[in-house]
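Undergrad: next one to model:
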Amino acid sequence: MSAELGVLWWWIAFGGSHTLLSHPPVRARLVARFGERPFLGLYSLVAFATFVPLVWTFFANRIGRGTPLPMLAQIPGLRWLTMALMLVAVTFLVLGFSRPNPISPLTGRSSGAIGVLRVTRHPAFMGLAIFGFAHLLVNHTALDHVFFGGTLAYSLLGAAHQDWRKRRIADRDLERYFAETSFFPFVAIATGRNRFEPRELGTGALAAALVLYALLFTFHHRLFT
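TA: Below you'll find the model as predicted:
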């Protein structure tokens with residue numbers, strides 16, 4: 001099996017198992033049979049057992065096959081666009097995990113669409129999607145395309161599946177939350193269903209995002225190329 005097919009297989013295994021185990025009828029049966037905590041343990045174990053081989057297969061076969069980072073300067077403007085997109089991606093990821101979200105099983109319920117949730121109800125997923133798209137712009141091997149294209153596809157499909165699961169629940173607060181937020185960033189704000197409030201983003205979270213971005217920018221070439 002080629003490295004590209006290996007990465008594709010592990011993306012299907014990782015994304016498919018995540019979707020299957022979180023599918024309401026399947027989750028309900030497993031929780032009823034084993035209990036909530038054992039189910040969460042199984043969920044985490046399957047995620048670990050599929051994600052680690054995915055990343056290992058990619059990096060084990062990528063050495064010497066990618067485009068060296070200094071060559072990006074030969075494409076006018078593309079490097080700067082990628083850097084800007086990565087700043088947005090890192091910011092969304094940090095803000096997404098620092099803010100309680102009514103539809104996220106990881107961060108729990110919140111008081112509504114505030115902070116980054118005004119921009120998108122899926123900040124972590126959108127950050128990961130932008131991460132994948134940004135790397136597709138500047139990586140030109142088939143292996144890179146499978147890995148980063150899989151990142152983009154998994155993020156969007158995962159967010160859509162999360163929306164589908166939550167919309168099945170009859171809950172007025174959730175209905176209001178969906179009405180005032182958007183799947184893609186800034187759509188709800190552009191259509192007048194919400195407004196942007198920079199002060200709600202949190203100084204600490206923004207500072208953490210900038211520090212993380214600076215570290216990635218400084219050590220990226222040393223660690224990943």
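Undergrad: CA atoms for contacts and neighbours, from now on please.
TA: Noted.
Undergrad: how deep is Phe92 tucked in, by neighbour count?
TA: 27 (other CA atoms under 10 Å).
Undergrad: care to break this protein down by domain?
TA: 1-63, 68-224 (automatic domain parsing).
Undergrad: please report the distance of Leu174 from Arg168.
TA: For Leu174, the distance to Arg168 (CA to CA, to the nearest Å) stands at 10 Å.
Undergrad: the two: which is more packed in?
TA: Ranked by neighbour count (other CA under 10 Å), Leu174 and Arg168 place Leu174 first, with 16 against 9.
Undergrad: where does Asp173 land in three-state SS?
TA: helix (DSSP: H, G, I helix; E, B strand; the rest coil).
Undergrad: and it, what pLDDT?
TA: On pLDDT, Asp173 comes in at 82.
Undergrad: and the one 3 residues further on, by the same measure?
TA: The confidence metric pLDDT takes the value 89 at Arg176.
Undergrad: residues near it, how many?
TA: Neighbours of Arg176 under the rule other CA under 10 Å: 12.
Undergrad: residues touching it, list them.
TA: Residues in contact with Arg176 (CA atoms under 8 Å, 6 or more residues apart in numbering): none are found.
Undergrad: where's stretch 184-202 relative to the chain centroid, distance-wise?
TA: 19 Å (CA atoms, centre = their mean, to the nearest Å).
Undergrad: what's that stretch in contact with?
TA: The contact list for stretch 184-202 (CA under 8 Å, 6+ apart) reads 95, 114-116, 118-120, 122, 126, 179-182.
Undergrad: for stretch 15-22, same thing?
TA: Applying CA under 8 Å, 6+ apart, the set of residues contacting stretch 15-22 is 26-27, 43, 46-47, 154, 158, 161.
Undergrad: follow-up on the earlier one: which of the contacts of stretch 184-202 lies closest to Val146?
TA: Each of the contacts of stretch 184-202 was checked against Val146 using CA to CA; the closest is Met126, at 18.5 Å.
Undergrad: hmm, the closest one is touching Ser155, no?
TA: Yes. Judged on CA atoms under 8 Å, Met126 makes contact with Ser155 at a distance of 6.8 Å.
Undergrad: any idea which of the contacts of stretch 184-202 is closest to Gly35?
TA: Among the contacts of stretch 184-202, and counting by CA to CA, the member closest to Gly35 is His122, at 27.9 Å.
Undergrad: got a list of what that closest one touches?
TA: By CA under 8 Å, 6+ apart, the neighbours of His122 are 96, 159, 183-184.
Undergrad: list phi and psi for it.
TA: Main-chain dihedrals, His122, degrees, to the nearest 10: phi -130, psi 60.
Undergrad: kindly report the same for Ala170.
TA: Residue torsions, per degrees, to the nearest 10, at Ala170 are phi -80, psi 100.
Undergrad: so what pLDDT did it get?
TA: At Ala170, the model reports a pLDDT of 72.
Undergrad: for it, grab the count of nearby residues.
TA: Neighbours around Ala170, by other CA under 10 Å: 9.
Undergrad: check which helix or strand the residue lying farthest from the centre of the chain maps to.
TA: Distance from the C-alpha centroid of the chain peaks at Arg33, with 30.5 Å (CA atoms, centre = their mean). Using DSSP states H and E, Arg33 falls within helix 24-34.
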